[in-house]
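> kindly generate the corresponding structure for this input.
(one chain, ligands or ions: 1)
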Amino acid sequence: MPIQPSKVIFLDGEWLPWDDAKVHVTTHALHYGSSVFEGIRAYNGKQGTGIFRLGPHLKRLLDSCKLLHMPVEDYPQERLHEICIEAVTRNDLDECYLRPVFMRSAGGLGLYPLETPVSFFVFAVKWGRYLGQDAIEKGVDAMVSSWRRFNASTSMPLGKIGGQYVTSQMVSIEARKAGFGEGILLDERGNVCEGAGENLFAVMDGEVITPPLASSILGGITRDSAIRIAEDLGITVRYAPISRDMLYLCDELFMTGTAAEITPVRSVDRIAVGNGSRGPITERIQEQFFAIVEGRTADRFDWLTPVPAASPARA
Ligand SMILES: Cc1ncc(COP(=O)(O)O)c(C=O)c1O
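Residues are numbered from 1 along each chain as shown. The predicted structure follows:
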């Protein structure tokens, strides 16, 4: 998906024009995937622009740095918070997608990374519905990928680490080439893990089921939001393994992610999920989610960080 350039990018302490934010070809992260990143959305709601769950995203970014032994003393969470807000205001964006990245930069060629300096940048761009508006209402057609998700004995699923996204890319390529909207990964035991860039929820007998944190998933912030909304609506949420055949037999299935937001899955491997359209529990959770981010209902979980001086509130 091509992105539309915005005005300025924060790179190592400076705000640079979009075209000037460049890195050297010897950048370690380009060769070895030694970067960590976040994807964060800012929504333009009735109260103006708000960044969705900025604190948990920045906490996860710093956790990913910890996993890769990256020194980040120059960027405590409060500083990252300010830079992210500034990235929205300096680019005059009302709704956008923020991408903060720490990476091992230029100066070292060997695998041992601890002597290679760490760079930090953030850009903010306009970004619409990742899987399409149609998908939000009607759902996506997904397939079970032939690729398996790595686990905590081979990598670090809880980290949002650049190099780990090769698997997600292979899943996306396979799914798109086969005519599906998204691919679902199983774990090493054959249980359902998550989508290429989304967490997964099944609805069975009125209960919402999602794989637990220690089952090789990324601890999604939208996942956490969907769980909190479901519980608030009085819906039981269970953390339990989901087997492949449960995907075909469950009543509803949906995916969560910053990019995908909350998207129903209407079929898996060409088998209809439920009656092949968005289910009622998915719709209730989705409706609450969008009502909060669009400011149509009170931000009762305190999820939105207001962006001062961004565009006026949506009418
Ligand atoms: C592999 C993977 N799983 C799940 C998610 C969903 O996480 P979040 O809701 O925090 O965006 C993402 C996206 O960040 C992801 O890349």
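> okay, CA-based contacts and neighbour counts for the rest of this
OK.
> got a list of what the residue lying closest to residue 52 once chain neighbours are set aside touches?
Leaving aside its sequence neighbours, residue 52 sits nearest to residue 304 (Cα to Cα, 6 or more residues apart in numbering; 4.8 Å). Neighbouring residues of residue 304 by Cα atoms under 8 Å, 6 or more residues apart in numbering: 50, 51, 52, 53, 54, 293.
> so which elements touch the helix or strand of the chain with the lowest mean pLDDT?
Lowest mean confidence among the helices and strands of the chain (mean pLDDT, DSSP states H and E): helix 133-138, at a mean of 92. Judged by 3 or more Cα pairs under 8 Å, 6 or more residues apart in numbering; DSSP states H and E, helix 133-138 is in contact with strand 261-268.
> between the contacts of residue 304, which is nearest the ligand?
Proximity of these to the ligand (Cα to the nearest ligand atom) peaks at residue 53, which lies at 9.4 Å.
> with adjacent residues omitted, what lies nearest to that closest one?
Closest to residue 53 by Cα to Cα, 6+ apart is residue 303, at 4.9 Å.
> hang on, the earlier thing: the least confident helix or strand of the chain: how far from the chain's middle?
From the chain centre to the centre of helix 133-138 is a distance of 18 Å (Cα atoms, centre = their mean, to the nearest Å).
> same thing with stretch 212-222?
Mean C-alpha position of stretch 212-222 versus that of the full chain (Cα atoms, centre = their mean) differs by 11 Å.
> what mean pLDDT does it get?
On average, the pLDDT along stretch 212-222 is 97.
> give the buried residues for that stretch.
Using 16 or more other Cα atoms under 10 Å as the test for burial, stretch 212-222 gives 215, 216, 217, 218, 219, 220, 221, 222.
> could you check whether it is close to the ligand?
Yes - against the ligand, stretch 212-222 shows contacts by Cα under 6 Å from any ligand atom at 218, 220, 221, 222.
> which residues of this protein lie near the ligand?
Residues of the chain lying near the ligand (Cα under 6 Å from any ligand atom): 196, 197, 198, 199, 218, 220, 221, 222, 223, 256, 257, 258.
> columns secondary structure on top of those, output as JSON lines?
Output for these, formatted as JSON lines (DSSP: H, G, I helix; E, B strand; the rest coil):
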{"residue": "196", "secondary structure": "coil"}
{"residue": "197", "secondary structure": "coil"}
{"residue": "198", "secondary structure": "coil"}
{"residue": "199", "secondary structure": "strand"}
{"residue": "218", "secondary structure": "coil"}
{"residue": "220", "secondary structure": "coil"}
{"residue": "221", "secondary structure": "helix"}
{"residue": "222", "secondary structure": "helix"}
{"residue": "223", "secondary structure": "helix"}
{"residue": "256", "secondary structure": "strand"}
{"residue": "257", "secondary structure": "strand"}
{"residue": "258", "secondary structure": "coil"}
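> which one of those residues is nearest residue 281?
Set against residue 281, the nearest of the residues of the chain next to the ligand by Cα to Cα is residue 256 (13.9 Å).
> in a helix, residue 169, correct?
Yes - with three-state DSSP as the criterion, residue 169 is part of a helix.
> these two touch, right, it and residue 196?
Yes - assessed by Cα atoms under 8 Å, residue 169 is found in contact with residue 196 at 7.4 Å.
> which one of the two has more residues nearby?
Set residue 169 next to residue 196 and count neighbours by other Cα atoms under 10 Å: residue 196 wins out with 20 against 13.
> how about the more buried one, what does it touch?
Residues near residue 196 by Cα under 8 Å, 6+ apart: 167, 168, 169, 171, 172, 182, 183, 184, 185.
> where does this protein have low pLDDT?
Segments of the chain classed as low confidence (criterion: pLDDT under 70) are 309-315.
> now do the helices in it.
28-32, 54-67, 77-90, 133-138, 165-177, 221-232, 244-249, 280-293 (DSSP state H).
> mind putting these in TSV, distance to residue 1 included?
Shown next, in TSV, are the helices of the chain (distance: least, Cα to Cα, whole Å):
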stretch	distance to residue 1
helix 28-32	20
helix 54-67	23
helix 77-90	21
helix 133-138	15
helix 165-177	12
helix 221-232	21
helix 244-249	28
helix 280-293	23
